[in-house]
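Chemist: Could you work out the structure for the sequence below:
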Amino acid sequence: MKDIRSPDKDNSGILIPVNPAIENYMWSLVNQTGHPVLIEMEEFAKLRNFPIVNRLVGIFLETQAKMINAKRVFEFGSGYGYSAYWFARAVRNDGCVICSDSDPVNCERAEKYLSAASLWQRTEFCVGMAQDIFTRTDGLFDICYNDVDKSAYPEIWQMAKNRIRSGGLYIADNVLWHGRVAVENYTDTVSDSTEAIIEHNRLIFNDPEFDAFINPTRDGVIVARKK
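Modeler: Residues are numbered from 1 along each chain as shown. Okay, the predicted model is just below:
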């Protein structure tokens, strides 16, 4: 029998963080249907090859937000609102998810999807560079969520960490980067992004003001709690 503690590799030699059998089991435990809008959003991602967190990560995001009773969330990079769907469910009617994306078409899609799910009123979708929008937005946040271009990850961390309230969370997707962060001397067309993510993770785990952990589901989600 294969030792499931040993990481799998795909044909390119890239490490697969979670054994596929384990991930399939995790999928078997969650609701496979869900809101019709959620299914539509997931189908759109498949058809357009649009990167989104999958449902396992979405449920994780919602759970994390509910655990700290989050009411104010800032998303660095929102796409067409898939992750915002999960955060908006958590913050309820008296909360707000501030979304950011540089593509106005994504804002239009997010409004359509989230309105159909009765979640649009809990969101504030801003079109433009996430860093600029964040700078113009005042106050502290319960959660800062990072899913922008990977080369900007260290910059986003440095911007966000001082704007998270005590007991709040910094969360970022893709922090295992298809296993590249664990491969020594890995070189390919995304090596700059790989180096940025490695630096990003190092900065977080070395910051004495935060407790951090990486959930290896999908492509790795880091959660850092401000002390």
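Chemist: Go through this structure and flag its longest strand.
Modeler: strand 164-173 (DSSP state E).
Chemist: Can you tell me, leaving aside adjacent residues, what's nearest to the most centrally placed residue in the chain?
Modeler: A centroid search over the chain (C-alpha atoms, centre = their mean) returns residue 173, at 3.8 Å, as the residue closest to the centre. Once flanking residues are discounted, residue 173 sits nearest to residue 147: 4.7 Å by C-beta to C-beta, 6 or more residues apart in numbering. C-betas here are computed from N, CA, C, even on glycine.
Chemist: Grab the longest helix from this protein for me.
Modeler: helix 191-205 (DSSP state H).
Chemist: just how off-centre is that helix within its chain?
Modeler: In terms of C-alpha atoms, centre = their mean, to the nearest Å, the centre of helix 191-205 is set 16 Å apart from its chain centre.
Chemist: So which bits of it are buried?
Modeler: By neighbour count with 16 or more other C-beta atoms under 10 Å, helix 191-205 contains the buried residues 193-198, 200-201, 203-204.
Chemist: So which elements touch it?
Modeler: helix 153-160, strand 210-215, strand 221-226 (3 or more C-beta pairs under 8 Å, 6 or more residues apart in numbering; DSSP states H and E).
Chemist: what's the nearest residue to residue 71 once chain neighbours are set aside in contact with, if anything?
Modeler: Excluding its sequence neighbours, the residue lying closest to residue 71 (C-beta to C-beta, 6+ apart) is residue 95, at 3.9 Å. Residue 95 makes contacts with 70-73, 88, 122, as judged by C-beta atoms under 8 Å, 6 or more residues apart in numbering.
Chemist: how close does residue 95 get to residue 78?
Modeler: 16 Å (C-beta to C-beta, to the nearest Å).
Chemist: Phi first, then psi, for residue 124.
Modeler: Per-residue torsions, residue 124: phi -130, psi 110 (degrees, to the nearest 10).
Chemist: bridging residues for the residue lying closest to it once chain neighbours are set aside?
Modeler: Ranked by C-beta to C-beta, 6+ apart and with sequence neighbours excluded, the top spatial neighbour of residue 124 is residue 98, at 4.9 Å. In this entry, residue 98 is beta-bridged to residue 74, residue 124, by DSSP bridges.
Chemist: For residue 15, the count of nearby residues, please.
Modeler: 17 (other C-beta atoms under 10 Å).
Chemist: Below-threshold pLDDT in the chain: ranges please.
Modeler: 1-14, 184-190 (pLDDT under 70).
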